[in-house]
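1. Generate coordinates for the sequence data below:
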Amino acid sequence: MRGYCLYPSGQGRSGLFVSDIFREIDEELRRDNLLKLWSRYGRYVGALAVLVLLVAGSIVAWRDHQLSERRAQSTRYASALSLAHEGKDAEAAKVFAAIAQETGGYAALAAFEEAELLARSGDRQGAAAAYDRIAAASGLDPAFRELAVLLSVMHGVPEADPQSLNELFQFLLWAPTRYAVFVITALHDLFTQPGYLAYGLSFSLSLLFILLSHEMGHYVACRLYRVDSTLPFFLPTPPMVGPAGIAPDRLKTLRGAFASALKDPELKMEAEKRNYELEPVAGEDMEKLAKEVMAQPPAVIDRMKKVLGN
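-> Below you'll find the predicted structure:
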């Protein structure tokens, strides 16, 4: 069996030699191009590399600096706490005040500690002012700012009447809570016991029809005498709360009816069956309590307005 070659052996070797020459030329051209690029842009590349190294080194140095500052701040904060535990409140307050002027997490803690030391030393107004500064700090977490507002109000109460704000807080928390429980319980009974709803509608709709008929008489009379008037409308009020300006005799009648209803044996039996606790408070007692609690000094009223955001 014979084999055939397309080119003579000498011609094949010369072809390989030529391809090697072209490859070397290409490599030299690429090398020359890279040298030209480096000669043109090499200094910029080197400057960029140096800049990157400087920025990275600056970041690392800044982080190390911040870490060392936090450690130093932590040491000073711990020393101030030690001074406070030793009874050296004045010295501790100075250290806390200095830390509070700085940045970082310890600054907020130091501000609260400074205010607390001022209050402990009897400087209630200074403590309130310190808490006001904390509340005005825009970079602080809202929860801490709200806490500062509350503490400012607590320490801003006049010393002659230290129980005023506590009584006011208790009333403002107790009354709405009890009323909300009452309303929620009533709504639950209405939606779970259709009989209660039917009984209530039979009474309320009849009463509303009587009131509407009465008010329509006024409207018809106004139309006859060409007096401007609107159609009758009802202003809803919360349950068990009378409208403002109610006549004293009607108020007395309503309170008497409420008291009589609470004494009804069937009502008490139904409440026991449902495990309800009846702890009624007479309207007169609620009114007296509200007047006593709300009759606060102007300073307390101003502080409460601050807490409520008014």
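
2. how much space between the closest residue to residue 227 other than its chain neighbours and residue 208?
-> Nearest residue to residue 227, sequence neighbours excluded (C-beta to C-beta, 6 or more residues apart in numbering): residue 221, at 7.9 Å. C-beta here means a position set from N, CA and C on the backbone, and glycine is covered the same way. Residue 221 sits 21 Å away from residue 208, taking C-beta to C-beta, to the nearest Å as the criterion.

3. how far away is the residue nearest to residue 227 from residue 232?
-> Applying C-beta to C-beta, one obtains 12 Å for the distance of residue 221 from residue 232.

4. out of the two, which sits in the busier spot?
-> residue 232 (14 against 11; other C-beta atoms under 10 Å).

5. And the next helix or strand past whichever helix or strand residue 184 is part of?
-> Assigning secondary structure by DSSP states H and E places residue 184 in helix 164-192. Elements were assigned by DSSP H and E; along the chain past helix 164-192, the next helix or strand is helix 194-224.

6. Which elements pack onto that next one?
-> Counting contacts by 3 or more C-beta pairs under 8 Å, 6 or more residues apart in numbering; DSSP states H and E, helix 194-224 is packed against helix 164-192.

7. Longest helix in the chain, please.
-> Criterion DSSP state H: the longest helix present in the chain is helix 9-85.

8. and that one, what's its mean pLDDT?
-> If you average the pLDDT over helix 9-85, you get 77.

9. cool, stretch 262-282 as well?
-> 77.

10. Mind listing what's buried along that stretch?
-> Buried residues in stretch 262-282, defined by neighbour count with 16 or more other C-beta atoms under 10 Å: none.

11. Ends of that stretch, what's the gap?
-> With C-alpha to C-alpha, to the nearest Å as the measure, the ends of stretch 262-282 fall 10 Å from one another.

12. now it, how far from the chain's geometric center?
-> Centroid displacement of stretch 262-282 relative to its chain, using C-alpha atoms, centre = their mean, to the nearest Å, is 39 Å.

13. what's in contact with that stretch?
-> Around stretch 262-282, the neighbours that count as contacts under C-beta atoms under 8 Å, 6 or more residues apart in numbering are 185, 255, 258-259, 261.

14. Give the phi and psi angles for residue 274, as a check.
-> phi -90, psi 10 (degrees, to the nearest 10).

15. same check, this time on the one 5 residues further on
-> The main-chain torsion angles of residue 279 are listed as degrees, to the nearest 10 and equal phi -130, psi 70.

16. Quick check: the gap between residue 67 and residue 37.
-> Here the distance between residue 67 and residue 37 works out to 42 Å (C-beta to C-beta).
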